[in-house]
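Trainee: give the three-dimensional model of this entry:
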Amino acid sequence: MIMLLRILLVGAFTFAGHYLGFHYFSSALLDQFPWLSATVGGLAGFVVILIDLYFQRLSVRNILSVLIGATLGLWVHSLLMQVVRNYAAIPQDQLRQFGILSASVFAYLGAITILRGQDEFAMMIPFVKFTAKGATEDIILLDTSVIIDGRVADICETAFLGGKLYLPRFVLKELQLIADSSDPLKRNRGRRGLDILNRMKKNPMLEIKIHETDFSELNTVDAKLVKLGQELGGKVLTNDFNLNKVAELQGVKVLNINELANALKPIVIPGEMMQVRILKEGKEQDQGVAYLDDGTMVVVDNGRKRIGQTLSVTITSVLQTQAGRMIFAKPTDESR
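Mentor: Now for the predicted structure:
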């Protein structure tokens, strides 16, 4: 069907070129080559098809942005031309040339401005939506804590995280303030976050867009992040437990890296045995504490007297909390 429409389009342009050349343009060249006007019309039809093929690479969101931006630019051009006609004594030929240049410049500036600031424009005019029907691409907002954590860069490199990554300007400012802090610990954390961002930016398969929207009436970065998530319909990527709860209460979806890490930890069940090294005392009497490679805490009964030793333990129970997983065990030689 599309091919048929394209054939009809070229045919219509060819006929229109022949008709216009025969009735409205008379010249010695057309008298000598009567098929020339029809050929020009057919080529014009092919140009339209090439433009259509190019726009197939763009989303409906981008096409609408270009059209609306160009329209706004031409509207500004028309206002400017009215002022020039009324108050500037410019010859008609020069005015026409100036008008062509002005229309081209303002149409370009309008299109590129709306194309670069699609989301900000949609927020300024709520009834204007650039989202194509059926689009499934998610907007993911990066939080300061998840950037400093660093694991987000590894996740992005595995291509498991789908969607468009947005770095709000107020999050970047907070990260810069932390990197400039007089506290050495905060300064190192901030610089680590900036290094992680540079690493992610160098990834050719990853695109991070800085979002300029700010909410001056809100005082905290977390509140601004939740508000932006509501406006854009996006998800907040974080490892901050409090931000997670606040966002969920306000209807904003959250991607928590800690929850992902807990879900990927190896599954253990009571009765299994493992080798652990007792590192320190536990809170309760005679308890010792060990850690698995993924950071999971193992509390060993009667392990205090065996600190510094590597021993075989039998799992007695597993406790899953929002902060992570805890494993309770006892020495295998005591279970015999």
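
Trainee: contacting residues around Asp138?
Mentor: Shown in contact with Asp138 (CB atoms under 8 Å, 6 or more residues apart in numbering): Gly162, Gly163, Lys164, Gly234, Lys235. Placement of C-beta: from N, CA and C, glycine included.

Trainee: looking at the residues you listed, which is nearest Ala88?
Mentor: Each of these was checked against Ala88 using CB to CB; the closest is Lys164, at 45.5 Å.

Trainee: what's the burial count for the nearest residue to that closest one once chain neighbours are set aside?
Mentor: Excluding the flanking residues, the one nearest Lys164 by CB to CB, 6 or more residues apart in numbering is Ile139, at 5.5 Å. Burial of Ile139 is recorded as 18 neighbouring residues (other CB atoms under 10 Å).

Trainee: list phi and psi for Ile139.
Mentor: Reported as degrees, to the nearest 10, the phi and psi values for Ile139 are phi -100, psi 120.

Trainee: related to what we said a few turns ago, most surrounded residue in the contacts of Asp138?
Mentor: With neighbours taken as other CB under 10 Å, the top of the contacts of Asp138 is Gly234, carrying 22 neighbours.

Trainee: so what pLDDT did that one get?
Mentor: For Gly234, the pLDDT comes out at 86.

Trainee: surely it and Ile139 touch.
Mentor: Yes: with contact defined as CB atoms under 8 Å, Gly234 and Ile139 form a contacting pair (3.3 Å).

Trainee: in a strand, Ile315, correct?
Mentor: Yes: the assignment for Ile315 is a strand, going by DSSP: H, G, I helix; E, B strand; the rest coil.

Trainee: got any ranges where the stretch 1-150 of the chain has weak pLDDT?
Mentor: Low-confidence segments of the stretch 1-150 of the chain, defined by pLDDT under 70: 1, 20-34, 55-61, 117-137.

Trainee: and the helices in it, which stretches?
Mentor: 2-23, 28-32, 36-55, 60-87, 92-116, 118-124, 144-149 (DSSP state H, counting those that start in this stretch).

Trainee: adding secondary structure, write the contacts of Asp138 out as JSON lines.
Mentor: JSON lines is the format used below for the contacts of Asp138 (three-state DSSP):
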{"residue": "Gly162", "secondary structure": "coil"}
{"residue": "Gly163", "secondary structure": "coil"}
{"residue": "Lys164", "secondary structure": "strand"}
{"residue": "Gly234", "secondary structure": "coil"}
{"residue": "Lys235", "secondary structure": "strand"}
